[in-house]
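Asks: coords please:
(3 chains)
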Amino acid sequence: MTEKSRLGHFYLFPLTIWSILFFVSPLIIIILYSFLTKDIYGGVIYTFSLKAYQSLIQLTYLKVFWFTLKISVISTAIIMFFAIPVSYYIARSPLKNVLLFLVLIPFWTNFLIRIYAWIAIMGNNGFLNQLLLSLHVLKTNIQFLYNPIAVIVVLVYTYLPFAILPLYAAIDKFDFTLLEASSDLGASRLQGILKVLLPNIRTGLMAAFLFAFIPIFGAYAVPQLVGGQESFMLGNMIARELTITRNWPLASAIATIITLVTCLGILLYIRSVRRSDEKDGK
Amino acid sequence: MNHTKRGIFTTTMVILTLLFFYLPMAVLLLYSFNSSKSMVITGFSLKWYNELFTNSPFLWKAVSNSLIIAVSSAFSAVLIGTLGAIGLRWYSFKLKNLFQIISMLPLLLPEIILGVALLIFFSAFSFPQNLFTVYLSHITFNIPFVLLIVMARLEEFDSTLLEAARDLGAREIDVLMKILIPLTMPAIIAALLMSFTLSLEDFVITFFISGPGSTTLPIYIYSMIRFGVSPVINALSVLIVLATIVLSLFLSKFSKYIINH
Amino acid sequence: MKKILINLIIILLLVLLYGCTNSSKNTDNKLYIYNWTYYIPDQVIKDFETKYNVKVVYDVYTSNEEMYAKLKAGGAKGYDLVFPSGDFVKIMISSGMLSPIDSTKIASFNLLDPLITSKIAYDPGLKYSFPYMVGAAGISVNKKYIKKFSKSARIFENTALKNKMTLLDDMREVLGLALKELGYSVNTFDKGQLEEAKQLVLKWKQNIVKFDAESFGKGFAAGEFWVVHGYSENVFLELDPSMKAQTEFFIPPKGGPMYIDSMVILKDSKHKDLAYKFINFIHEPQVYAKIVDYLKIPAINMEARKFVTVSPNYNIIDLKNCELKEDLGEGVELYNKIWEEIRI
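Replies: Numbers count the residues shown, from 1 in each chain, chains lettered A, B, ... in the order given. A predicted model of the protein is given here:
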């Protein structure tokens, strides 16, 4: 064993123990559960069954999956559109610490309370309606809440800071002389950003994307509170299978599939890290 | 310098974002001084603040539980996560890819599943559920966030710096303390803040893990939803934000000191 | 640098230590209660603590399903007293979660209204549970916006109120309401009857803005929803006095599902004596009257009715056409399927 790999073991030791104990073992239980038979009063009966997976191939479930995917993609796109310029600005600003805290502060109040504040803003008699009415933009109240758009707005609000933080960390250490060099070489500012900045912060972008997309994909409370009758996402479905219909194997099966599918996301992330390694000549 | 032109777009976005972030805060502030319980503005009153300080023992218990968990789990997760990130970044071994995927995975699992999985796990080993199990669970979901943030930072480093230090005979502890940690400090702070925030926020996992007597603030608030969230919570939120601002002023000085060190 | 890190580690250890000592001292002379949110006024619990010089550890849940899922998975070990509804009492009895109740230890056994106790089929003879409250979901109407309406579940068919109404996000409550409206039992297994009920709910669905079991009270108080289906206490605790005057609550005359929430002692309870003391304390007529005044629902304890000072939102007599929800057993699959077709 080389000196180097011994060091590697030292650094990785706590993480390994922790992952095995508090993550891998519970996960194995979940995967196991997805192949067992449901007990009508919750829990599982220990006989092998594929019923959970069979019942997943149904139009209603596919519909929920499609809706969840749609909402997640749209919200994440909007989040990235805001997060990139904002973290860029923060990283370049002399007041970056202050700005970083300004971004975080609202998120130290409970998210349910913030959702209620949004209900107050977007409600039929809420601030937005009052404002638009008094400015004569509107003639009658508009129903802003209880539809997919409301879900998207509140999801963007909730997860935007989770995208800003990793992006900021990546842009902060970007060597900005590269941008100046590219403009000295005659590149336009847009070209500089697209061809020099963005590729160099690719892992930061990936991290930001994952931080936003993944929790949104499993969102539960937001669609529950500001969505309408059609706003039923996978998170709501898992909660329903666990508590109301008490179909634990089905809930586990949904979770297993989501886990497998999103593993691809991580693989992509690792790829992008490695590719930038290779580029650095390592 | 052509900062001005570049500034227009990003400045607008920052202003928009801050407006977007602080609009609900303004609403909270307004309602915390509203004399009515409902969303209709009826008049100025301090009664919710009064009730917060005189008649909310269960609420304060929940707040203290939340703070204990958030602080302790954030520090522990950052400790484990930062070391792990260094290991993952510079050392290769068999099955590294698999290991990396697994350590990031808690992030991908819908919270509710991680919650139930941990719940079944703890009960299988008849671990009594209390604040300690909540603490363990929060570390588990915070670690991947720490890994991602710290690894993104480490990735930009030139590892020859480390090799040089080692070739010159630096002990590993010195490499860690004098090179790695100072260089990753911004990411470590970002990871700490992120973990603290996530832990303070978490409802779903805590809900499943908590047992008798370990109600945290989000659980307390969620349980109020059916019967109406009391405006006392608005008053509390306003105070939390104020405390945060004070803390952040203090911390921003502190973190500058660390970074410039 | 090193110093900072060492400091951080020390802080961490201290915090951990505090957390551990804090949670390990939860041992004796404490009663662990797991109950619905706001179901007992804080004052009543404080009075109990003073009277017997004990401490009550009080955690809350928002639905039977939540409570049950947690107990089932083993997460709620350590509670003494829980407050499930009738159908869940039955489920908990058959899963062996409950400790039998010794009726000789309960002073108020004969004070319960026989009109209600005669309907109890989930636990005949009250061997495992003792009733706490009785009630039913109803319909709240904002009279400021709706001047004329007929007191019936058919209000959800009024297209003029489209997007101003909510139904509970609860399969048994909504299907039960429809089944009763059609004159059937809320516990039916008849496919034809259930199909009819499904069609009726689908008709209502076109007019409601959402199925909501969480924030309909708040939405109603904000004027967001004008007609909501749900429990009266959820709505009325949200309302300002002025708003209360313009709100009408009714139980549909054809009835709907009703519930009895009971106190049960868990099998693993370590403080059974205290749990009995608590049950007896709750049913002391004056104490019980105080709770009923707060919740504004009818008293099941006949003796306590003498001390009630606030008129409830509805009376026992309004529940005459209502039917207790029973556990459906295997038949729940049928309901699940229908509800899924409605909901998704």
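Asks: what stretches of the chain score poorly on pLDDT?
Replies: Picking chain A for this. Scanning chain A for pLDDT under 70 picks out A:1-5, A:276-282.
Asks: meant chain C actually
Replies: C:1-28, C:75-76.
Asks: up against chain A, what does it have?
Replies: By CB under 8 Å from any CB of the partner chain, the residues of chain C that approach chain A are C:63, C:65-66, C:68-69, C:72-73, C:91, C:94-95, C:163, C:171, C:205, C:208-211, C:214-215, C:218-219, C:222-224, C:329-330, C:332-333, C:336, C:340-341, C:343-344. (Each C-beta comes from the backbone N, C-alpha and C, glycine too.)
Asks: list only buried entries from these.
Replies: C:63, C:65-66, C:68-69, C:72-73, C:91, C:95, C:171, C:205, C:208-211, C:214-215, C:218-219, C:222-224, C:332, C:336, C:340, C:343-344 (16 or more other CB atoms under 10 Å in any protein chain shown).
Asks: can you tell me the closest non-neighbouring residue to the one residue in the stretch 1-150 of chain C that gets nearest to chain B?
Replies: With CB to the nearest CB, the shortest gap between the stretch 1-150 of chain C and chain B falls at C:Gly74, namely 3.0 Å. Take C:Gly74 and drop its neighbours on the chain: the residue closest to it by CB to CB, 6 or more residues apart in numbering or on different chains is B:Ser123, 3.0 Å away.
Asks: in the helix of greatest length in chain A, which residues are buried?
Replies: For chain A, the helix with the greatest residue count under DSSP state H is helix A:59-92. Using 16+ other CB under 10 Å as the test for burial, helix A:59-92 gives A:61, A:64-65, A:67-68, A:71-72, A:74-76, A:78-80, A:82-92.
Asks: equivalent analysis for stretch A:36-47, please.
Replies: Buried-residue list, stretch A:36-47, by 16+ other CB under 10 Å: A:36, A:38-44.
Asks: with stretch C:101-118 instead?
Replies: C:101, C:106, C:108, C:111-113, C:116-117.
Asks: give me the contacts around it.
Replies: C:126-131, C:134, C:260, C:264-265, C:276, C:279-280, C:283-285, C:300-304, C:316 (CB atoms under 8 Å, 6 or more residues apart in numbering or on different chains).
Asks: circling back to that earlier point, elements contacting the helix or strand encompassing the residue nearest to C:Gly74?
Replies: B:Ser123 belongs to helix B:111-124 when assigned by DSSP states H and E. Judged by 3 or more CB pairs under 8 Å, 6 or more residues apart in numbering or on different chains; DSSP states H and E, helix B:111-124 is in contact with helix A:25-34, helix A:234-243, helix A:248-279, helix B:131-154, helix B:204-209.
Asks: which helix or strand lies directly C-terminal to the fourth one?
Replies: Sequence order places helix B:160-167 as the next helix or strand after helix B:131-154, per DSSP H and E.
Asks: C-alpha coordinates for that next one, CSV please?
Replies: Presented in CSV, the C-alpha positions along helix B:160-167 are these (Å, rounded to 0.1, in the frame of the first residue of the first chain):
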residue,chain,number,x,y,z
THR,B,160,1.0,20.2,-7.6
LEU,B,161,0.9,22.6,-4.8
LEU,B,162,0.2,19.7,-2.4
GLU,B,163,2.8,17.5,-4.0
ALA,B,164,5.4,20.3,-3.6
ALA,B,165,4.5,20.7,0.0
ARG,B,166,4.8,17.0,0.6
ASP,B,167,8.0,16.8,-1.3
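Asks: neighbouring contacts of the helix or strand just after that helix?
Replies: Downstream of helix B:160-167, the next assigned helix or strand under DSSP H and E is helix B:172-174. Defining contact as CB under 8 Å, 6+ apart, one finds that helix B:172-174 is touched by A:7, A:10, B:165-166.
Asks: pick out the most distant pair among those.
Replies: Farthest pair in the contacts of helix B:172-174 (CB to CB) is A:Phe10 and B:Ala165. Separation: 16.6 Å.
Asks: low pLDDT regions in chain B?
Replies: Checking chain B against pLDDT under 70 turns up B:1-6, B:38-40, B:108, B:110, B:225-229, B:248, B:250-261.
Asks: from it, which residue is nearest to chain C?
Replies: Taking CB to the nearest CB, chain B has B:Ser123 as its residue nearest chain C, at 3.0 Å.
Asks: isn't that residue up against C:Lys70?
Replies: No - the pair B:Ser123 / C:Lys70 is not scored as a contact, 10.2 Å apart, by CB atoms under 8 Å.
Asks: ok, these two, which is more surrounded?
Replies: More crowded of B:Ser123 and C:Lys70, by other CB atoms under 10 Å in any protein chain shown: C:Lys70, with 25 against 19.
Asks: secondary structure class for that one?
Replies: helix (DSSP: H, G, I helix; E, B strand; the rest coil).
Asks: so which elements touch the lengthiest strand in chain A?
Replies: Longest strand of chain A, by residue count under DSSP state E: strand A:44-48. The elements that strand A:44-48 packs onto, with contact taken as 3+ CB pairs under 8 Å, 6+ apart, are strand A:36-38.
Asks: so what's C:Gly86 closest to, chain neighbours aside?
Replies: Closest to C:Gly86 by CB to CB, 6+ apart is C:Tyr122, at 4.2 Å.
Asks: cool, thanks, talk later.
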